[in-house]
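Engineer: I'd like to go over a predicted model; first the sequence, then the structure.
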Amino acid sequence: MKRVISVSMGEIALKGLNRGYFEDRLIKQIIKNIKEIGYEKIYKETGKIYIEGNPDDYPVIINRLKKVFGLVYISPCIRVDKDTEVINNAAKLAMKEATENSSIQTFKVDTNRSDKNYPLKSPEISRNIGGVILDEFEKLKVDVHNPDIYLYIDIKEHVYIYTERIKAYGGMPVGTSGKGLLLLSGGIDSPVAGFTMAKRGLAINCIHFHSYPFTSERSEEKVKDLAEILARYTGKFKFFSINLLEIQKEINKNCPEKEMTIISRRFMMRIAEKIANHNGYDALITGESLGQVASQTIQGIAVTNNSVDIPVLRPLIGMDKVDIIRIADDIETYETSILPFEDCCTVFLPKHPVTKPKVEDIKKSEEALDIDELVNNAIKNMKVYTIE
Ligand code: ATP
Ligand code: MG
């Protein structure tokens, strides 16, 4: 008898011919997340991945596994050989551990037999083990429709017995859907946007704009802290830090005050696009949500979009703030996001920003600026960090 952890892959199982590739990416990601804790072995057995290590470490390992995209659920299992008595004893042990000090009264045995050479069929196995459990635990009854607990029996090369399915995020292994560049501010939304796209398999890198010395070094540290929280899910990535102050000053000097925000947003996009193209990233990601603030009207978004050719992903576009906050809370970025540090956009905040900008008007205003020169200078002075 050996204790192992099983992980179930969701959509990956549907990926047909690519399945092997996705599984390998997933195993790599799992190893990255747990290697510093230590484990003995990782192996595949019909549709699941198994991890063998020191059972004392399993709670920590399970916590790390919850952050690996592509996993649907995680189960601590007892693994035994195909010997009826050994299986029965393991089933009793699993049930004892699950029901001790609990109010659980009903159960159902759920057997999955992938080894078709096993002499009994699934319903017979379930019935036999159900009988063993009823004999052993006086307080337990069977309820096949709405049991308090399931006792799962997977018959494969080995037999795996477990009662827990701990939910993970699902999604796709990071990096299997290409690469993106996240415009990361210090706010609540952009970290959630990055998380949401990483969950769909996009490898994430970050770009942040600051207005140092108008904004403090501490405010940049805060954004790096947010990036580090994201890296728990994505693994290490690049963090590009750009000083936008010169550009903001130029806009402030040469363009109508009410267009300050929208024009600086267009510069952010242009700079991000250039860096993305240079590094082979496939898309930009922002935390915009329709109607949330003055610059996020559909007209504002259209004018922002018009400054670049690269695809811009806005995973939060249709979400309400409360739902975004719920995710921020869950992924542990919220507490950092709400720390009160100034953002570069608030430095030159117009009193009455345009809410329905027109591309022609904005382009006209931008004629007063040497766009290429400003973009290139900002990139020349950028700092690049690695976030782990
Ligand atoms: P967030 O909560 O992500 O800051 P927000 O609701 O404050 O978003 P805006 O300030 O309009 O919205 O910003 C919209 C998006 O533009 C952000 O989600 C982010 O992707 C990007 N962005 C804004 N400011 C910056 C910045 N200083 N650096 C990098 N990206 C930024
Ligand atoms: Mg913001």
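Structural biologist: Ah, there it is. Ligands and ions are numbered 1, 2, ... in the order given.

Engineer: hang on, isn't K383 packed against K238?
Structural biologist: No: between K383 and K238 there is no contact under CB atoms under 8 Å: 10.9 Å. Placement of C-beta: from N, CA and C, glycine included.

Engineer: show me the domain layout of the chain.
Structural biologist: 2-167, 179-387 (automatic domain parsing).

Engineer: count of residues packed around the closest residue to ligand 2 within the stretch 201-350 of the chain?
Structural biologist: Residue of the stretch 201-350 of the chain nearest ligand 2, by CB to the ion: D343 (5.3 Å). By other CB atoms under 10 Å, 17 other residues sit near D343.

Engineer: again with K356
Structural biologist: 11.

Engineer: kindly report the same for L184.
Structural biologist: Neighbour tally, L184, other CB under 10 Å: 27.

Engineer: what does D189 give?
Structural biologist: 27.

Engineer: how about the strands in the stretch 151-300 of the chain?
Structural biologist: Counting by DSSP state E, counting those that start in this stretch, the segments of the stretch 151-300 of the chain that form strands are 159-162, 166-167, 179-183, 203-210, 237-243, 283-285.

Engineer: got TSV for those, with distance to ligand 2 and mean neighbour count too?
Structural biologist: Converted to TSV, those look like this (distance: least, CB to the ion, whole Å; neighbours: other CB atoms under 10 Å):
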stretch	distance to ligand 2	mean neighbour count
strand 159-162	44	24
strand 166-167	30	12
strand 179-183	10	24
strand 203-210	11	25
strand 237-243	15	21
strand 283-285	14	23
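
Engineer: for those, which one sits closest to I271?
Structural biologist: Evaluated with CB to CB, the strands of the stretch 151-300 of the chain place strand 237-243 nearest to I271, the distance being 5.9 Å.

Engineer: the closest one near ligand 1 anywhere?
Structural biologist: No: remark: strand 237-243 sits outside contact range of ligand 1, by CB under 6 Å from any ligand atom, the gap being at least 7.9 Å.

Engineer: again, but for stretch 283-291
Structural biologist: Yes: shown here: stretch 283-291 in contact with ligand 1 (CB under 6 Å from any ligand atom) through 286-288.

Engineer: what would the strands of the stretch 151-300 of the chain look like in CSV with mean pLDDT?
Structural biologist: Shown next, in CSV, are the strands of the stretch 151-300 of the chain (pLDDT from 0 to 100):
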stretch, mean pLDDT
strand 159-162, 98
strand 166-167, 96
strand 179-183, 98
strand 203-210, 97
strand 237-243, 97
strand 283-285, 98
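
Engineer: distance to K139 added to the ones you listed, as JSON lines?
Structural biologist: Output for these, formatted as JSON lines (distance: least, CB to CB, whole Å):
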{"stretch": "strand 159-162", "distance to K139": "20"}
{"stretch": "strand 166-167", "distance to K139": "25"}
{"stretch": "strand 179-183", "distance to K139": "52"}
{"stretch": "strand 203-210", "distance to K139": "49"}
{"stretch": "strand 237-243", "distance to K139": "52"}
{"stretch": "strand 283-285", "distance to K139": "52"}
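
Engineer: which residues does the residue nearest to T304 when sequence neighbours are not counted contact?
Structural biologist: In space, and not counting its chain neighbours, T304 is closest to R265: 5.0 Å by CB to CB, 6 or more residues apart in numbering. If you count contacts by CB atoms under 8 Å, 6 or more residues apart in numbering, R265 has them with 295, 300, 304.

Engineer: near ligand 2, from the residues of stretch 283-291 next to ligand 1?
Structural biologist: The subset of those within reach of ligand 2, by CB under 5 Å from the ion, is empty.

Engineer: distance to S337, neighbour count and pLDDT added to those, as CSV?
Structural biologist: Shown next, in CSV, are the residues of stretch 283-291 next to ligand 1 (distance: CB to CB, whole Å; neighbours: other CB atoms under 10 Å; pLDDT from 0 to 100):
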residue, distance to S337, neighbour count, pLDDT
T286, 15, 27, 98
G287, 10, 25, 97
E288, 16, 24, 96
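
Engineer: nothing else from me, thank you.
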